Structure formats: structure tokens, C-alpha cells
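Peer 1: next one to model:
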Amino acid sequence: KDIEIIRVLEGVFEAQIGDSLFTLKKGDSIYIPGGVAHGGNPEKCVYECIVLSPSIMYSTQKIRTIIKSKILYPVPFRDNPDVNGLFEKFLSKQEGFELEVIGLLHKIVFSAFKKQTPQKNNIEHRANKIKPAILFIEKNFSSNISLSSLARECSMSSNYFCRIFKEVTGHTPFEYITTYRIEAACEMLLSEKSVTDTAYDCGFNDLSSFIHIFKKNMGVSPKQYSLEAQKKHLA
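Peer 2: The predicted structure is shown next:
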């Protein structure tokens, strides 16, 4: 349900959003409405993202309707000063920055609203089809998840579910689950949880397999990731 804004600082970020693929480079950003399934493939990329509940902008019913019902498609930007300002204010944390953040968010959302154009494929409709499976993964990623259980959540056959899931997310259900578990593992390692506890809490039944998959996705071992994160925190 949350809105996400991604900004690329270096490299290339291939963003799969619904049925559309966006190639984002340094200076590019993209506004992703709530309810749209999405993922990304960063290539030697440094990027930032802000995830927020749209409710913080619901000052009137009209604004709520526009954000929830009128902005259905992702909108890319190039060197957008409002997006750049938004990230800078979040990083500065100066007293009262929340006021300026809300103002910049309204400007960005209005820009996204002005750029909405009809598309052949209804991204929201396709995303809604697999949303029960996405929510199921989020709640049960630490347990064994079968393909049949995900298909059943969406009232689909396994074959049809796999096809729709891949069309919307750009990944197979298994790839998506693995990526989600690795992202959850990163969060846990930042809280200084042990590598072993992290592995089992994220649904990996084998520690060596977890270390291998983590390194393949993140470029470093879980232990290295945890140590580097602690160094940055202390710095």
C-alpha cells in the first residue's frame, strides 16, 4: 500500500514495475504508486529509496481520492529538483524538516498526477491478482512456502499463477521469495543478530546455503555485511 520513490546516484537500475521495464541511470528517479508490484536489478548501482504511507498527505478527501484512484502508473523523472530536495531533507534531519518534506511530497505527487497516461495493460489490475500471494510471502517468509499454497491464495492454478506472477514482478515465485528473504536478512544483520539466527529466522534450513545465496546477491558474506554496517554506524 505504500508509495516508493527511488533515486539513482551511480550506475544503472533496471526497474520492473508491473508490466513495464524502466532503465534508470544516474540522476534518474521514479515515483511508484501504492499497490503496484515491483522489483529491481541494480548493476554496479548506488541508489536510495524512500517508502512512505500515502496517508501522511491525506489532508482532504479530494487529495486522498487523487492519490489512491488517479495515480495508478509509475512515473520516471530526470534530475527532478523536488525529488533531490526530498532526499536531502530526509538525510539532513534538521529541526522542522518534516514540514518541508510534506511540501515536496505534494509537489512530486502532483507532477506524477499530471503525467498519468492510459496504458494498454492495467498494471493495478494485474498487481491485484497476485497481491494475496505477495502478502502471504511477507507474513510467512520464515517458513517453507509451496507454489501450490501461493496459487491457492490467489485462487489460480499453479501454472497460471506462475505466468501472471512472472509478468507482473519479472521474477519467478521462488526467485521473489529468495530475494525477499535476503532483504529481510540484511535488516536483521543490521540489528547485530548472529548469522546463524538470521539464516534460520529468514527461512533458510541450511547455513552454508544461506551464506552462498547471500554472497551471490549482495557481493559479500553475511558476516562481512554485518561488520561493514557496524563500521558505517560507528563512523
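
Peer 1: gap between stretch 193-201 and the chain center?
Peer 2: 23 Å (CA atoms, centre = their mean, to the nearest Å).

Peer 1: now that stretch: buried residues?
Peer 2: 193, 195, 198, 199, 201 (16 or more other CB atoms under 10 Å). C-beta here means a position set from N, CA and C on the backbone, and glycine is covered the same way.

Peer 1: what's in contact with the helix or strand hosting the fourth one?
Peer 2: Assignment of secondary structure by DSSP states H and E places residue 199 within helix 195-201. Contacts with helix 195-201, where a contact means CB atoms under 8 Å, 6 or more residues apart in numbering, come from 142, 185, 188, 189, 193, 206, 207, 210, 211, 222, 223, 226.

Peer 1: which helix or strand lies directly C-terminal to it?
Peer 2: Assigned by DSSP H and E, the successor of helix 195-201 is helix 207-218.

Peer 1: only alpha carbons, please: show that following helix as PDB.
Peer 2: Listed next in PDB are the C-alpha coordinates belonging to helix 207-218 (Å, rounded to 0.1, in the frame of the first residue of the first chain):
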ATOM      1  CA  LEU A 207      23.600 -22.200   7.000                       C
ATOM      2  CA  SER A 208      26.100 -22.800   4.200                       C
ATOM      3  CA  SER A 209      23.300 -22.500   1.600                       C
ATOM      4  CA  PHE A 210      22.300 -19.200   3.200                       C
ATOM      5  CA  ILE A 211      25.900 -17.800   3.100                       C
ATOM      6  CA  HIS A 212      26.300 -18.800  -0.600                       C
ATOM      7  CA  ILE A 213      23.000 -17.200  -1.700                       C
ATOM      8  CA  PHE A 214      23.600 -14.100   0.400                       C
ATOM      9  CA  LYS A 215      27.100 -13.600  -1.100                       C
ATOM     10  CA  LYS A 216      25.700 -14.200  -4.600                       C
ATOM     11  CA  ASN A 217      23.000 -11.500  -4.100                       C
ATOM     12  CA  MET A 218      24.900  -8.900  -2.000                       C
END
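
Peer 1: closest to residue 16 out of the contacts of helix 195-201?
Peer 2: Residue 16 has its nearest neighbour among the contacts of helix 195-201 in residue 185, at 21.7 Å by CB to CB.
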